[in-house]
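Enquirer: Model the following, please.
(2 chains)
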There are 2 protein chains.
Amino acid sequence: MKLLEDRIKRDGTVLPGEVLKVDNFLNHQVDPKLMYEIGAEFKRLFEDAGVTRILTVESSGIAPALMAGLQLNVPVVFARKHRSLTLTDNLYTATVYSYTKQVNNDISIDKRFIDSDDKILIIDDFLANGQAVQGMLEICKAAQVKVAGVGVVIEKRFQKGHQMVLDQGIHLEALASIASLDNNQVSFADSETN
Amino acid sequence: MKLLEDRIKRDGTVLPGEVLKVDNFLNHQVDPKLMYEIGAEFKRLFEDAGVTRILTVESSGIAPALMAGLQLNVPVVFARKHRSLTLTDNLYTATVYSYTKQVNNDISIDKRFIDSDDKILIIDDFLANGQAVQGMLEICKAAQVKVAGVGVVIEKRFQKGHQMVLDQGIHLEALASIASLDNNQVSFADSETN
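Expert: All right, here's what the predicted structure looks like:
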């Protein structure tokens, strides 16, 4: 998605440890018009997939998921993060390891917000090591629902999340796919293969 | 806002302790079309207020804030919640007490995302005791910026947040204003005075 790649080039910052900081338009300050276009692009990519509901995880996934939901005309559920849960009877939960914070968090959704005949589109802001996406896939598995696909705004293709999703036979779309952050430069993967 | 009041009547649940549960369309599952209309209503109410940026707090504030930002064509910043912060040099922070969880959290935003000439619209999903809104007002005060107003999706007018905002001479708009939850019934305040 050229609009997004241009924005990453203009406003993104590469930090040590292969971190791409895009907090001025994606995950702290948010550009609503860009998010709207991102939602339109997710619609274009998934409109034939029979999506009935979108699943994301708080907080940075909410904006792109909401705009995708607006465009696809389906409800959006955002999983909550918790340190740990004691009462989980009416929840689907999964444990997600955060590489940046080096802690385990549980993510959960209320069982009322996933139906057995749902076809779920998983949306998130970033795909790096894939822990959050994997947690959402586990929730879908526990709920025994179909997964229409995984859509992420930005993927770091050189980290393991990309392959992990593909290895499960799941349709993956990244609106910007980063091949490398070497020498503090953003190099995009060939956009034809996104 | 009639659309919202109707939805609260249809899908809201009153729980003991004067809790209104609306997690099926506002703060766990989100209805994107309703959020879009909520954004349009915030635009109608604040379009002459000279808003340059919207401030909200993760996670439930993000959806209505994003749609308000889309309609008003301004960026949205969401404050992050933390247990406590050690390094705060480049952050504006405030401490927010959660009555539901009975803990103090810090909320913070990066100083890069508020300018001295900003006129900030504060958006949140709920106004009850007003702690989150008060924290955002403190951040605006620390940043020495003007506040265009406070817009909330639902206020519990019988709790102290409503009056606390008005006492500071701030323009407050609630899209649904609840006068009472007595006997597990939702009673709206006269919508003419919202």
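Enquirer: show me where chain A has helices.
Expert: A:2-11, A:32-46, A:62-72, A:131-142, A:160-167 (DSSP state H).
Enquirer: Please name the residues that touch A:Asn104.
Expert: Counting by C-beta atoms under 8 Å, 6 or more residues apart in numbering or on different chains, A:Asn104 touches A:95-98. (Each C-beta comes from the backbone N, C-alpha and C, glycine too.)
Enquirer: quick one: which of those sit in strands?
Expert: Counting by DSSP state E, these place A:95-98 in strands.
Enquirer: mind putting those in JSON lines, pLDDT and distance to A:Glu138 included?
Expert: Shown next, in JSON lines, are those (pLDDT from 0 to 100; distance: C-beta to C-beta, whole Å):
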{"residue": "A:Thr95", "pLDDT": "95", "distance to A:Glu138": "9"}
{"residue": "A:Val96", "pLDDT": "95", "distance to A:Glu138": "9"}
{"residue": "A:Tyr97", "pLDDT": "92", "distance to A:Glu138": "13"}
{"residue": "A:Ser98", "pLDDT": "85", "distance to A:Glu138": "16"}
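Enquirer: now, which of those sits nearest chain B?
Expert: Lowest distance from chain B to those (C-beta to the nearest C-beta) belongs to A:Ser98, with 14.0 Å.
Enquirer: partner residues bridging the closest one?
Expert: A:Val103 (DSSP bridges).
Enquirer: which one of the helices of chain A is the most hemmed in?
Expert: helix A:62-72 (a mean of 28; mean count of other C-beta atoms under 10 Å in any protein chain shown).
Enquirer: what's the angle from that one to helix B:32-46?
Expert: 110 degrees (axes from the mean of the first three to the mean of the last three C-alpha atoms, to 10 degrees).
Enquirer: thinking again about what came up before, let me have the helices of chain A in a markdown table, extended by mean pLDDT.
Expert: Shown next, in a markdown table, are these (pLDDT from 0 to 100):
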| stretch | mean pLDDT |
| --- | --- |
| helix A:2-11 | 97 |
| helix A:32-46 | 98 |
| helix A:62-72 | 98 |
| helix A:131-142 | 98 |
| helix A:160-167 | 98 |
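Enquirer: Give me every residue in chain A lying close to chain B.
Expert: Chain A comes close to chain B at residues A:23-25, A:28-33, A:35-36, A:58-59, A:62-63, A:66-67, A:69-70, A:73-78, A:80, A:109-110, A:112-113, as judged by C-beta under 8 Å from any C-beta of the partner chain.
Enquirer: Show the contacting residues for the nearest residue to A:Gly161 once chain neighbours are set aside.
Expert: Leaving aside its chain neighbours, A:Gly161 sits nearest to A:Gly130 (2.5 Å; criterion: C-beta to C-beta, 6 or more residues apart in numbering or on different chains). Contacts for A:Gly130 (C-beta under 8 Å, 6+ apart) come out as A:159-162, A:164-165.
Enquirer: Dump the residues you listed to JSON lines, plus distance to A:Val103.
Expert: JSON lines is the format used below for the contacts of A:Gly130 (distance: C-beta to C-beta, whole Å):
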{"residue": "A:Gln159", "distance to A:Val103": "19"}
{"residue": "A:Lys160", "distance to A:Val103": "19"}
{"residue": "A:Gly161", "distance to A:Val103": "18"}
{"residue": "A:His162", "distance to A:Val103": "23"}
{"residue": "A:Met164", "distance to A:Val103": "20"}
{"residue": "A:Val165", "distance to A:Val103": "23"}
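Enquirer: Show me the one of the helices of chain A that comes nearest A:Phe188.
Expert: Proximity to A:Phe188 (C-beta to C-beta) singles out helix A:2-11 among those, at 5.7 Å.
Enquirer: Show me what the closest one is packed against.
Expert: Judged by 3 or more C-beta pairs under 8 Å, 6 or more residues apart in numbering or on different chains; DSSP states H and E, helix A:2-11 is in contact with helix A:32-46, strand A:146-156, strand A:172-180.
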